[in-house]
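J.: Below is the sequence, then the predicted model.
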Amino acid sequence: MISAGDFRNGMTIELDNNVYQIIEFQHVKPGKGAAFVRTKLKNIKNGGVVEKTFRPTEKCPQARIDRSDKQYLYNDGDLYYFMDTETYDQVALSAEDIGDALKFVKENEMVKMCAHNGSIFAVEPPLFVELAITETEPGFKGDTATGATKPATVETGAVVQVPLFVETGDVIKIDTRTGEYLSRV
């Protein structure tokens, strides 16, 4: 059990038969009345965000989230297949479970699977990936003074905004959390 006074960003708690991750928290001490903790919670099963206030002494159980490394194998229409590299067990997840988590992940790359009580609820891609550009428009000389960008399609099919000097065939580094171009490789 964890008290509301000990909340930190990123913690997971069980509340009302759901598992929530704390996105934001704020200890509030008003001039009148008792102190309280204002939180913004994200439901890890469906992604909904809820705001809730707690008394600092209120306790709730901390949820145990298991993260394991899996290798992304391939997708077969609606199903995405992953393999545990130690036991060679395969797991298939539907497109709804995955969402857009794999838009920057190539086949045979490692990802983290997040599970609660054996039920997988999220797939986390690596923080940074290196992908080749398959299609982009040519940049024009003289347009670089403002730090302009152009759309580029990478080998996984995702579209990223890149600087004008990047060309088709270049390998670029992408931050998967924001989907932003970082550098050429």
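T.: Thanks, I have the structure now. Residues are numbered from 1 along each chain as shown.
J.: Show me which helix or strand of the protein is least confident by mean pLDDT.
T.: When each helix and strand of the chain is scored by mean pLDDT, DSSP states H and E, helix 95-98 comes last, with a mean of 78.
J.: Packing partners of that helix?
T.: Counting contacts by 3 or more Cβ pairs under 8 Å, 6 or more residues apart in numbering; DSSP states H and E, helix 95-98 packs against strand 79-83, strand 119-124. Yep, even glycine has a C-beta here, placed from its N, CA and C like the rest.
J.: farthest residue from the center of this structure?
T.: For the chain, the residue at maximal distance from the C-alpha centroid (Cα atoms, centre = their mean) is K32, at 39.9 Å.
J.: doesn't that one fall inside a strand?
T.: No - counting by DSSP: H, G, I helix; E, B strand; the rest coil, K32 falls outside a strand, being coil.
J.: any idea how far the residue lying closest to V105 once chain neighbours are set aside is from I174?
T.: Excluding its sequence neighbours, the residue lying closest to V105 (Cβ to Cβ, 6 or more residues apart in numbering) is P125, at 4.9 Å. Going from P125 to I174 by Cβ to Cβ, to the nearest Å gives 10 Å.
J.: what do those two both touch?
T.: F104 (Cβ atoms under 8 Å, 6 or more residues apart in numbering).
J.: More neighbours: the two, which one.
T.: Taking neighbours as other Cβ atoms under 10 Å, P125 and I174 compare with I174 leading, 24 against 20.
J.: Please verify my assumption that the more buried one contacts E180.
T.: Yes - the pair I174 / E180 is scored as a contact, 7.0 Å apart, by Cβ atoms under 8 Å.
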